[in-house]
Structures are given as C-alpha cells and as structure tokens.
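1. Give the three-dimensional model of this entry:
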Amino acid sequence: MNAKEEFIQIYKENIHREGADAFLEFLEGPHSDFFTAPASTRFHGNIKGGLCAHSVHVYHCLKDYLDRQRVKEIYKMSYSDETIALVALLHDVCKINVYKKGTRNKKSMCSGNKWMYLNLMIISHLVMAKKVFI
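-> Numbering: from 1, shown residues only. Model prediction:
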C-alpha cells in the first residue's frame with residue numbers, strides 16, 4: 001500500500017464529521033497537490049509525495065505515543081481516533097499548492113530541478129479548511 005492509499009484508508013476509517021468527505025475530495029482533486037507535493041524544500045520529505053507520506057508517518061508516531069501506558073496514566077492523555085487522525089493527517093494542509101518545481105542558482109556540485117517555496121495561496125487553503133471543519 002502506498003502513502004496515498006494509506007492516508008485515504010486512515011482518513012475514511014477515522015474522520016466522520018460533517019464536511020470530511022468534501023475535504024477529502026478537495027485533497028484528491030485537481031486544485032490540490034497534497035498527494036504529490038514535498039513536505040519541505042530541503043529537509044524531511046523533500047521528494048514527490050513527501051507531504052502525504054510525512055502526514056501518514058506523523059499519524060503512526062502520534063498513535064504509538066498516545067498508546068503508551070505512561071502517557072495514559074501519568075499524563076492523562078486520551079483522545080478519540082478522529083482527533084488523532086485529524087491532527088496528524090491534516091497538520092500540514094497549509095503546504096498545499098505552495099511548492100513548485102523550479103531551478104535555483106546556488107553554488108553546488110549538482111544542479112537541476114529543486115522544490116522552491118512559493119508563498120502563495122496559503123491563506124485561501126486555511127480559509128477552506130476552516131470552512132469545512134469548523
């Protein structure tokens with residue numbers, strides 16, 4: 001199972017609030033690059049599809065952390081499966097459509113296509129997420 005398939009499976013199994021289906025349609029649709037975008041330009045997930053893969057990884061890490069006895073007993077942390085999925089899977093939706101492939105002038109032994117940050121459309125996607133989930 002690839003990261004996109006796993007993301008969709010976790011999303012559909014856990015997130016059931018009003019607007020969840022519409023938001024998933026947006027993520028999969030032509031106006032979103034969530035499943036093909038990198039998670040960053042130089043660090044974690046700086047590959048095609050890295051944003052989705054990173055989100056799935058964060059979900060598994062958070063789920064494992066919250067399953068620990070110490071976390072439950074000492075820190076009294078207990079959250080619904082929906083809350084865990086929402087927080088982990090959608091924590092970086094602000095990065096949708098903000099990276100674009102391009103070239104960068106930089107002293108380096110290698111050159112070529114790099115992911116460059118475009119500070120565009122972040123606010124519109126945050127507004128979209130707010131309308132769907134609040």
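2. continuing past the longest helix anywhere in the chain, what's the next helix or strand?
-> Ranked by residue count, the top helix of the chain under DSSP state H comes out as helix 50-66. Downstream of helix 50-66, the next assigned helix or strand under DSSP states H and E is helix 69-73.
3. who touches that following helix?
-> Helix 69-73 has contacts (C-beta atoms under 8 Å, 6 or more residues apart in numbering) with Tyr65, Leu66, Met77, Ser78. Yep, even glycine has a C-beta here, placed from its N, CA and C like the rest.
4. Make TSV out of those and add distance to Glu6.
-> TSV is the format used below for the contacts of helix 69-73 (distance: C-beta to C-beta, whole Å):
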residue	distance to Glu6
Tyr65	18
Leu66	19
Met77	24
Ser78	24
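5. ok, back up a step: average model confidence for the longest helix of the chain?
-> When pLDDT is averaged along helix 50-66, the result is 97.
6. Buried by neighbour count: which residues of it qualify?
-> For helix 50-66, the neighbour count (16 or more other C-beta atoms under 10 Å) marks 50-59, 62-63, 66 as buried.
7. Can you pull out the residues in contact with that helix?
-> 3-4, 6-7, 10, 34-35, 37-40, 44-45, 71-72, 77-79, 84-85, 87-92, 95-96.
8. again, only this time at 7 Å
-> With contacts defined as C-beta atoms under 7 Å, 6 or more residues apart in numbering, helix 50-66 is touched by 3-4, 6-7, 10, 34-35, 37-39, 44-45, 71, 77, 79, 84-85, 87-89, 91-92, 95.
9. Report the residue spans of this protein with pLDDT below the cut-off.
-> For the chain, the stretches flagged by pLDDT under 70 are 103-134.
10. Now with 90, please.
-> 39-47, 99-134 (pLDDT under 90).
11. any chance you could map the strands in it?
-> For the chain, the strands defined by DSSP state E cover 99-103, 113-117.
12. Report the strands that pair with the first one, each with its relative direction.
-> On the basis of DSSP bridges, the sheet neighbours of strand 99-103 come out as strand 113-117 (antiparallel).
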